[in-house]
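Undergrad: with the input below, show me the fold.
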Amino acid sequence: MEFNKEQKIIGIRVLSDNIIWLWKKNNSAVVVDPAVSQPVIEYLKANNLNLVAILQTHHHSDHIGGTKKLEKEWPNVKIVASAKEKSRIPFQNLSVKDGDKLQLLDKEVQVIEVIGHTKSHIAFYFKDKFPVLFIGDTLFSAGCGRVFEGTYKQMYNSLKKIKDLPKNTLIYCAHEYTRANLLWALNLEPKNKSIKKKLIEVEKKIALKELTIPFLLEEEMKINLFLRADNLNGFSFLRANKDTWV
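TA: Sure, this is the predicted structure:
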């Protein structure tokens, strides 16, 4: 399903809850975090699209699993990943770091390091009428990524970077976790009208088999308890609570 008609970004559902984002312009395409290859190959070939770049936010297998087969189909593709991940994403051919800028599909794309989920997680951001952020597993609608390799402080600081972006930024995360995250948030804030309203909207989308992503940063600031945390202690409590919530 196509979400951002101006930017032509579509989401491909794979595995249990992963979303592979495919950003296209004219006859060229960029793929973000391809967990698997076949649905991407089928879409690109059916639409006569040339794959020019693969953006990797981090090394987890459900984000890089399809990359090697995509490279075989499009051997000139740029595989963009963190320079810190050369050992865990060894097939990268364009290594980047925080603050680097790339030219992709006539847009200047900025690399933003957002560590916490892993020790070298990066995001990709470009400005437009509605700026776009491919955030991987750092932020989800009404939630944030688990802290596997980093620290709570690192994740908290990464979320602060996101909060500093324009409030009309459209955020594309890599998993469909919205409903579960909202139920957890509502359990902590049962009187929060914004969360209740969002849950109703999400339930309708799910019933129609639509994705609940992307989401606007402005709206997320009202419903995402992690983004609303005023300090590290508050964030740490929320993350620990979410980790034990069933």
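Undergrad: can I have stretch 139-149 written out in CSV, keeping just the CAs?
TA: Extracted C-alpha coordinates of stretch 139-149, given in CSV (Å, rounded to 0.1, in the frame of the first residue of the first chain):
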residue,chain,number,x,y,z
LEU,A,139,11.5,4.3,17.5
PHE,A,140,8.1,2.7,16.9
SER,A,141,4.7,4.3,17.0
ALA,A,142,3.9,4.5,20.8
GLY,A,143,7.1,2.7,21.6
CYS,A,144,10.9,2.5,21.1
GLY,A,145,13.4,-0.3,20.5
ARG,A,146,14.7,-2.7,23.1
VAL,A,147,18.1,-1.7,24.4
PHE,A,148,20.2,-4.8,23.4
GLU,A,149,23.7,-3.5,23.0
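Undergrad: so for stretch 230-246, mean pLDDT?
TA: The average pLDDT for stretch 230-246 rounds to 94.
Undergrad: same deal with stretch 21-29?
TA: 96.
Undergrad: list the contacts of that stretch.
TA: Contacts of stretch 21-29 with the rest of the structure, by CB atoms under 8 Å, 6 or more residues apart in numbering, involve 7-12, 30-33, 40, 43-44, 47-52, 105-106, 132, 134, 172, 174. For glycine as for every other residue, the C-beta is placed from the backbone atoms N, C-alpha and C.
Undergrad: buried sites along it?
TA: By neighbour count on 16 or more other CB atoms under 10 Å, the buried set for stretch 21-29 is 21-24, 29.
Undergrad: tell me which of the residues you listed fall in strands.
TA: The strands, defined by DSSP state E, take in 21-24, 29 from those.
Undergrad: rebuild those as a markdown table, extending it with distance to A123.
TA: Output for these, formatted as a markdown table (distance: CB to CB, whole Å):
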| residue | distance to A123 |
| --- | --- |
| W21 | 12 |
| L22 | 17 |
| W23 | 14 |
| K24 | 20 |
| A29 | 19 |
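Undergrad: please identify which of these is nearest to T244.
TA: Set against T244, the nearest of those by CB to CB is W21 (30.4 Å).
Undergrad: distance of the residue lying farthest from the centre of the chain relative to L70?
TA: For the chain, the largest distance from the centre (CA atoms, centre = their mean) belongs to K191, which lies 28.6 Å off. Using CB to CB, to the nearest Å, we find K191 at a distance of 47 Å from L70.
Undergrad: try L225
TA: As for L225, its distance to L70 is 36 Å (criterion: CB to CB).
Undergrad: which residues does the closest residue to E203 other than its chain neighbours contact?
TA: Closest residue to E203 apart from its sequence neighbours, by CB to CB, 6 or more residues apart in numbering: R179 at 7.1 Å. Residues near R179 by CB under 8 Å, 6+ apart: 199, 202-203, 206, 212.
Undergrad: again, but for K153
TA: Going by CB under 8 Å, 6+ apart, K153 touches L232.
Undergrad: what about the helix or strand hosting it, distance to the chain center?
TA: Per DSSP states H and E, K153 falls inside helix 152-163. Here the centre of helix 152-163 is set off from its chain's centre by 15 Å, with CA atoms, centre = their mean, to the nearest Å.
Undergrad: buried residues of that helix, list them for me.
TA: For helix 152-163, burial by neighbour count (16+ other CB under 10 Å) applies to 152, 154-159, 162.
Undergrad: next: stretch 10-24.
TA: 10-12, 14, 18-24.
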